[in-house]
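Peer 1: following is a predicted model, sequence given first.
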Amino acid sequence: MRQSIIVILLAGAALTASPAIGQSTITERSVAAHEHFLASDALQGRGSATRDEAIAAAYVASRFEAYGLTPAPGMSGYLQTATIVKQQLGGPVTLVANGAPVAQPTMLAGSGKSVSGKLAVANSVKDLPKAPVVLLTASAVDAMQLFRAAREKQVALVLIRESDATRKLATMINAPRLPSYLDGEAPEGGPTVVTLPDSAVDALASKSGTDVTLTVAVSEERSPTTNAVGYLPGSDPSAGALLFSAHLDHLGRRPDGTIMYGANDDASGTTAVLELAEALAGGKQPKRSILFVAYGSEEIGGYGSTYFAKHPPVPLDRIIANVEFEMIGAQDPKLPNNTLMMTGFDRSNLGAAMKQHGALVTGDPYPEQHFFERSDNYSLALQGVVAHTVSGWAVVPTYHQPTDTAANLNIPFMTSAIRSLVAPLEWLANSDFVPAWSPGGKPTPTR
């Protein structure tokens, strides 16, 4: 799951004495086998738009073909590629206030551009002014709240205190996080966030109005990102199509050699897509067609799903619903046993309808995290498709840590969760129900 920019249905009724078609193919052994490959040393953490991501996509594509899925309409195979432009630092970051260098600036995330302006000082995120450069003196800062507030106030540069929390965040987001973008498009703008030692923050706190300049040099590289796409044709072309998806990529390998395995985020969701594809392809032909997709480059900005939404093999107005699977490897302790969350639950009637057909899914207990906007469902939702992410424990301690390994997954929980999805999704694939956004629920780029 991406930071900026990053969740699973569990249907208890499907675990009764009358299993849904294809459920028997979903076993702990098969779930573990997918995980042990996708989250292996061999794939080096499946970094976004890397060769390792492409290998993972090829693996998923090969399984789609083995399960009897076909290439999607207009595609000659099972892989869809796009070119990503990645920015990276081309030299040291320097910060100057009134002509004097400021010690030890560390960039967490940035626009890729140098910034100059008069310094404004704020004590908390809620007091953030609309100014080009802001020093935030607070000792603790909620990173997501800060990014959202700085974007809203059009702050180009925010300076904050370095702390254990910011150092942990730097690891989680693979800092410095600089813009990536689809080739041919402009990079998305946003605030630059730089941490400073306490001494530097304290020295600047009394210097409101000071001229501040941050100098950043960047380089660019182009590399392909890969989506794996499989298609199960329905019996009624007029009934529309469903999209079941996850993302392939994770954070790759750190410069120090540490592998960020991404077993839960999101090899678990990719495993769910694979298992559901095998189960549903092995049953009676559904009324509705189904697209099974594993996206690349979610972690650096949702670019695989963005590209897919702009180049869909099935017209978007025919896709009646998208269910994204993200981080289903652990039970959330905030939720009842064997219950999972759906992001943006109240934004549409899809979750309620799934519950009526046995899905143990409920609302997101972490609204402050804005998870609805932080996974690949959002790329489709912005285009009007009713799209949600279902997830297990979205704030699991292994999130974006080297400890997100297959050994730290709850494989029995994952297996039961995936098996329990089959019956509700079979109902959706064979029903006349068409999900709809609730009043005010359809998102826009600013909401």
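Peer 2: Here it is on my side, so go on.
Peer 1: from here on, just use CA atoms for contacts and neighbour counts.
Peer 2: Fine.
Peer 1: wait, Leu271 sits on Ala33?
Peer 2: Heads up, residue 271 is Thr, not Leu. No. Here Thr271 does not reach Ala33: they are 9.2 Å apart, not a contact under Cα atoms under 8 Å.
Peer 1: quick one, what contacts Asn377?
Peer 2: Residues near Asn377 by Cα atoms under 8 Å, 6 or more residues apart in numbering: 322-324, 387-389.
Peer 1: err, Gly234, not the other one
Peer 2: Contacts of Gly234 (Cα under 8 Å, 6+ apart): 241, 285-290.
Peer 1: rewinding a little: looking only at neighbour counts, state which of Thr271 and Ala33 leads.
Peer 2: Thr271 (29 against 13; other Cα atoms under 10 Å).
Peer 1: and the more buried one, what element?
Peer 2: Per DSSP states H and E: Thr271 is located in helix 268-281.
Peer 1: circling back: turn the contacts of Asn377 into TSV, including pLDDT, distance to Ala330 and secondary structure.
Peer 2: Shown next, in TSV, are the contacts of Asn377 (pLDDT from 0 to 100; distance: Cα to Cα, whole Å; DSSP: H, G, I helix; E, B strand; the rest coil):
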residue	pLDDT	distance to Ala330	secondary structure
Asn322	98	22	strand
Val323	98	19	strand
Glu324	98	16	strand
Ala387	98	22	strand
His388	98	19	strand
Thr389	98	15	strand
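Peer 1: now, which of these sits nearest Ala61?
Peer 2: Within those, proximity to Ala61 (Cα to Cα) peaks at Glu324, which comes in at 17.7 Å.
Peer 1: against Phe372, how distant is the closest one?
Peer 2: Distance, Glu324 to Phe372, by Cα to Cα, to the nearest Å: 11 Å.
Peer 1: between those two, which one's more packed in?
Peer 2: Neighbour tally, Glu324 and Phe372, criterion other Cα under 10 Å: the higher count belongs to Glu324, 30 against 24.
Peer 1: just checking, the more buried one touches Ser268?
Peer 2: No. Contact criterion Cα under 8 Å: Glu324 and Ser268 do not qualify, at 11.5 Å.
Peer 1: quick check: longest helix of this structure.
Peer 2: In the chain, with assignment by DSSP state H, the single longest helix is helix 411-430.
Peer 1: now it against helix 268-281, angle please.
Peer 2: Interaxial angle, helix 411-430 versus helix 268-281 (axes from the mean of the first three to the mean of the last three Cα atoms, to 10 degrees): 50 degrees.
Peer 1: for helix 411-430, name the packing helices and strands.
Peer 2: helix 28-38, helix 268-281 (3 or more Cα pairs under 8 Å, 6 or more residues apart in numbering; DSSP states H and E).
Peer 1: could you point out which of those sits nearest Ala429?
Peer 2: Of those, nearest to Ala429 by Cα to Cα is helix 268-281, at 9.6 Å.
Peer 1: give me the contact list for the closest one.
Peer 2: 21-26, 31, 34-35, 60, 63-64, 67-69, 232, 244-248, 292-294, 324-329, 414, 418, 421-422, 426.
Peer 1: ditto for stretch 309-323
Peer 2: With contact meaning Cα under 8 Å, 6+ apart, stretch 309-323 is reached by 72-75, 240-245, 377, 379-380, 383, 385-390, 434-435.
Peer 1: for it, buried residues please.
Peer 2: Applying a neighbour-count criterion of 16 or more other Cα atoms under 10 Å, the buried positions in stretch 309-323 are 309, 313-314, 316, 319-323.
Peer 1: just those residues: which are in helices?
Peer 2: Counting by DSSP H, the buried residues of stretch 309-323 contribute Ala309 to helices.
Peer 1: the helix or strand hosting Phe244 pairs with which strands?
Peer 2: Assessed by DSSP H and E, Phe244 sits inside strand 241-247. Next to strand 241-247 in the sheet, as set by DSSP bridges, lie strand 289-295 (parallel), strand 319-326 (parallel).
Peer 1: list the helices and strands the helix or strand following that strand packs on?
Peer 2: Using DSSP H and E, the next helix or strand after strand 241-247 towards the C-terminus is strand 252-253. If contacts are counted by 3+ Cα pairs under 8 Å, 6+ apart, strand 252-253 sits against strand 259-260.
Peer 1: just checking, what packs against the strand it packs on?
Peer 2: Strand 259-260 packs on strand 252-253, going by 3+ Cα pairs under 8 Å, 6+ apart.
Peer 1: parallel or antiparallel, which strands does the strand it packs on pair with?
Peer 2: strand 259-260 (antiparallel).
Peer 1: pLDDT on the partner strand, on average?
Peer 2: Mean pLDDT, computed over strand 259-260, is 96.
Peer 1: how far away from the center of its chain is it?
Peer 2: 17 Å (Cα atoms, centre = their mean, to the nearest Å).
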